[in-house]
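Participant: take a look and give me a structure for this.
(chains A and B)
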Amino acid sequence: MTDRRRPWVIVGTAIPLVWVAVTLLLPYALLLVQSFWHQGANGRPTHDLTLANYVRLFSTSLYPSTILYSAGVALRVTIASLLLAYPLAYLLAFKVQRHKQLLYMAVIIPLWVSYLVRAYAWKIILGQQGVVNGILMSLGIVHAPVTFFLYSTAAVVIALTHIYTPFTLMPIYAVLESIPPSLREASHDLYGNRWRTFWHVTLPLSLPGVLAGCTFAFVLSMGDFLAPQLLGGNDSALMVSNLVWSLFGVSSDWPLGAAVSVVMLALTLTLLWIANRASPAARKYR
Amino acid sequence: MSLLELRELSRRFGDFVALDSVNLSVQAGEFLTVLGASGSGKTTTLRLIAGFDRPTSGSIWMDGTDLAPLPPFRRPVNTVFQHYALFPHMSVRDNVGYGLRMQKVAPAEIARRVDEALAMVRLGDFGGRAPKQLSGGQQQRVALARALVNRPRVLLLDEPLGALDLKLRREMQLELKQLQTQVGITFIYVTHDQEEALTMSDRIVLMRAGRIEQIGTPREMYDSPRSRYVADFIGDTNLLRIDGNELSVRPEHVQLVAAEGGAMPGVVDAVTFVGSTYRVRVALADGQKVVALQGAPREIGQRVAVQWDPSRGVIVRD
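Facilitator: Residues are numbered from 1 along each chain as shown, chains lettered A, B, ... in the order given. The predicted structure follows:
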C-alpha cells in the first residue's frame, strides 16, 4: 500500500516545495546577491561585487535609526497586543461558558476583513472629521478638530495593535485551552488562591503561547508597510518597509534597498531563532 | 466520632440530578470507599467535598463549620486526582512542596517535610526529576506525597489507581491501605472497581443514580446485600426467583449433590476453568441458571441437584 501511495506523496510534497523555492527562496537569494552589487553613476546597478551598500547603510544615521524606530513601534505593538490578547484569551478559555465559539469568532473575524480596509478605518476614526474628533467636539471638550491623532506614531501603534492582536490571541488561547482543568483544580486544592494559581500554574504553562503570539506581533508589525504609509503621515513616522519601498521605487537604488532588506531579514530570523530557542526552556518539564 | 458529615447534599445539572439528598457520616481515621457505576454520583460527591463544585442544596459539616460555601483553597482536605494532575513545569520536589509554599510554611520546614513525604512513598532519590520522567506508579506516589505532606483532615482519592495495570494496581492497593493505617488520616476513596473496594475499605458506600444504595463493611456488603443491585454489583452472585422472593446466593456457597433426592434438580450446561476452580453452570427445571464454584469439573449434560445452607440465601428487594 505504501508503495502504491509513494508517487502521490512525492508529488504532494514536491509541489509546495517547488512553490516555496520559486516564489520565496529564489527572490531572497536574488536579493542577497543584489545587495552586493555596485550602484552605478547612471542609476543602474553594475554586477561588480562590493560591500559599499552595507557600509553606507550603517554609516548613514537614517537607516539604523529607522530600524531602531521600527523595532520601537513593534515593541509597543507587541506589548499592547499582549495586554489586550492575554486577558481576552483567558476569559475565553476559562470564564466564558456559553457562546464560546461565537465570541472566539468575533475576535478572529477582523482577520478576514481586508487589511487595507482596517487601516483605512483608523484613518476615518482618528481623522480631522473623524469619529473621535466628532465626539470630542459635540461634547464641547475641544472646539477645533485635534490634528495630532492622525499622522503620528501613536496612530500607527493603535492601528497595528488592532490588526495584530488576533495573531497574538490565537496561540495564547490555544495553549490555555490545552491546560488540563485538573491542574488548576490541583493548585486550588493545595491552598493556591485564584491569583497564586494563575501566577504559579496557568501563566508558566501558557508561556509558549505568549512567546509565539509576541513573535507574531513583533515580526509582523516590524515589517509593516501600509499602516505607517496611511497613518504615519510625515517622514519621521516612516518604518523600515517604507524606506525599502522608496529605495526601490523612488530613488531606484536597488542595491541599497536590497541591503536594507537583507539586514531586516537577518534581524527577523535571529529573533525567530531566539524565540525558538527560548521555547523549549519555557516548557522544560512538559 | 464523626469527622465529616454530608447533610441532605444535592447537586443538579439542569434537569439531571447528579446527587439526590445524600446523608453520610464519615468517621475519623476510617478508609471509606464510595463505590458506584459511572453517573452514580460518586465523583460529584468527591468534588463537592473538595470544593471544585458547589452543591445545589445541603451542607458539608466538619468541626462545626459548613464547608459548602468555602473555596477549595480554604478547606482542610486534599485530593489525589485520577490522572495525578502533577504540575508538568515543576520538579517532583516542587510539586510535593507546592501546598506548603502556598500556606507560607518556612522554607526549612518545607524542605524537611518534603523529604519526609518523599521517603514515605519511597521516592527519596527522585526529587529532582520531572514528573514526565517517572512511571505511572511513581507519578501516583508523587501525587499521594503531594497531598499527604499537608496533613489534611481528609484525603480524597478519585480513582487513583484507574490508569495502572492490574498487577501494579494490586500492589498499590496494599500499599495505600498500609499508608493509610500508618498516617491515620481519613481516606475517602472513589472507585467503580468493587474488588478494590472490598480489599481496602473499612466501610463501603454503594451509590446508584445519585443516592446511597447501601452502606456497610465489605463483609456486610458481600454477605448481606439489601438489594438485588448491591448483590449484583459486589462480587459474583446467582439471583434466583424462588417462591415469589428474590434470592442472592454466591457461587461458592452453591453445592452440587446427586440428582435423586435433591430439592432443585437440573442439568449441567456449561463448565469453565477459572484457574483455581471450575465454574459449573446448572440449568434448573424451571429454566433458571445457577453457577457453582467447584473444585472438580463436571460433565456437561450430567443430572445434578443444587442446594445451599439456608443462611447463605439472602432475600433481596428489587
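Participant: what about residue 23, which SS state?
Facilitator: Going with chain A. Classification of A:Thr23 by DSSP: H, G, I helix; E, B strand; the rest coil places it in helix.
Participant: that answer is for a different chain, and I need it for chain B
Facilitator: Of the three states, B:Asn23 takes strand under three-state DSSP.
Participant: ok, it touching B:Glu8?
Facilitator: Yes. At 6.4 Å, B:Asn23 counts as touching B:Glu8 under the criterion of Cβ atoms under 8 Å. In this view, the C-beta of every residue, glycine as well, is placed from N, C-alpha and C.
Participant: which segments of chain B make up each domain?
Facilitator: Domain assignment for chain B, taken from automatic domain parsing, gives B:2-223, B:237-315.
Participant: of those, which shows the lowest average pLDDT?
Facilitator: Of all the domains of chain B, the segment with the smallest mean pLDDT is domain B:237-315, scoring a mean of 90.
Participant: now do it: distance to the chain's middle.
Facilitator: Relative to the mean C-alpha coordinate of its chain, domain B:237-315 is positioned 29 Å out (Cα atoms, centre = their mean, to the nearest Å).
Participant: buried residues in the helix or strand hosting B:Ser59?
Facilitator: Assigned by DSSP states H and E, B:Ser59 falls within strand B:57-62. For strand B:57-62, the buried set under the neighbour-count rule, 16 or more other Cβ atoms under 10 Å in any protein chain shown, comprises B:58, B:60-62.
Participant: from those, which is closest to A:Ala174?
Facilitator: Nearest to A:Ala174, judged by Cβ to Cβ, of the buried residues of strand B:57-62 is B:Ile60 at 36.9 Å.
Participant: what's around the closest residue to B:Trp308 other than its chain neighbours, how many residues?
Facilitator: In space, and not counting its chain neighbours, B:Trp308 is closest to B:His253: 5.0 Å by Cβ to Cβ, 6 or more residues apart in numbering or on different chains. Applying other Cβ atoms under 10 Å in any protein chain shown, we find 18 other residues in the vicinity of B:His253.
Participant: got it, and A:Ser251?
Facilitator: By other Cβ under 10 Å, 12 other residues sit near A:Ser251.
Participant: what about it, which SS state?
Facilitator: Local secondary structure at A:Ser251 is given as coil here, using three-state DSSP.
Participant: quick one on the thing from earlier: and the following helix or strand past the strand holding B:Ser59, how far out from the chain middle?
Facilitator: Under the assignment DSSP H and E, the closest C-terminal helix or strand after strand B:57-62 is strand B:65-66. In terms of Cα atoms, centre = their mean, the centre of strand B:65-66 is set 26 Å apart from its chain centre.
Participant: what pairs with strand B:65-66, parallel or antiparallel?
Facilitator: For strand B:65-66, the pairing partners within the sheet under DSSP bridges are strand B:57-62 (antiparallel).
Participant: run through who's touching the partner strand.
Facilitator: Identification of contacts with strand B:57-62 by Cβ atoms under 8 Å, 6 or more residues apart in numbering or on different chains yields B:3-10, B:21-22, B:48-49, B:66-68, B:76, B:153-154.
Participant: can you pull the contacts of the residue nearest to B:Trp308?
Facilitator: Taking Cβ under 8 Å, 6+ apart as the definition, contacts of B:His253 comprise B:308-309, B:312.
Participant: angles on the backbone of the spatially closest residue to A:Pro180 that is not a sequence neighbour, please.
Facilitator: Counting by Cβ to Cβ, 6+ apart, B:Ala85 is the residue found nearest to A:Pro180 once chain neighbours are left out, at 6.8 Å. Backbone dihedrals for B:Ala85, given as degrees, to the nearest 10, come out at phi 50, psi 40.
Participant: in terms of helices and strands, where is the most centrally placed residue in chain A?
Facilitator: Taking Cα atoms, centre = their mean as the criterion, A:Leu220 is the residue nearest the geometric centre of chain A, at 2.2 Å. With elements delineated by DSSP H and E, A:Leu220 resides in helix A:203-222, which encompasses its position.
Participant: any residue of that helix touching chain B?
Facilitator: Yes. Applying Cβ under 8 Å from any Cβ of the partner chain, one finds helix A:203-222 in contact with chain B at A:204-205.
Participant: after that helix, which helix or strand is next?
Facilitator: Beyond helix A:203-222 on the C-terminal side, the first helix or strand identified by DSSP H and E is helix A:226-227.
Participant: show me the contacts for B:Gly210.
Facilitator: For B:Gly210, the contacting residues are B:17-20, B:22, B:40-41, B:44, taking Cβ under 8 Å, 6+ apart as the criterion.
Participant: and which of these is nearest to chain A?
Facilitator: The shortest gap between chain A and any of the contacts of B:Gly210 belongs to B:Thr44, at 14.2 Å (Cβ to the nearest Cβ).
Participant: the closest one: how many residues sit nearby?
Facilitator: Other residues within reach of B:Thr44, judged by other Cβ under 10 Å, total 24.
Participant: my guess is it contacts B:Arg11, does it?
Facilitator: Yes. B:Thr44 is within contact range of B:Arg11, at 5.3 Å (criterion: Cβ under 8 Å).
Participant: now do the shared contacts for those two.
Facilitator: Taking Cβ under 8 Å, 6+ apart as the contact criterion, the common neighbours of B:Thr44 and B:Arg11 are B:18-19, B:53.
Participant: and the helices in the chain?
Facilitator: Just going to use chain A. Assigned by DSSP state H, chain A shows helices spanning A:2-20, A:26-34, A:52-59, A:62-90, A:100-108, A:115-126, A:131-138, A:153-177, A:181-189, A:194-197, A:203-222, A:226-227, A:240-249, A:254-282.
Participant: not quite, go with chain B.
Facilitator: All helices of chain B, identified by DSSP H, fall at B:42-50, B:92-102, B:107-120, B:136-148, B:166-183, B:194-200, B:218-223, B:228-233.
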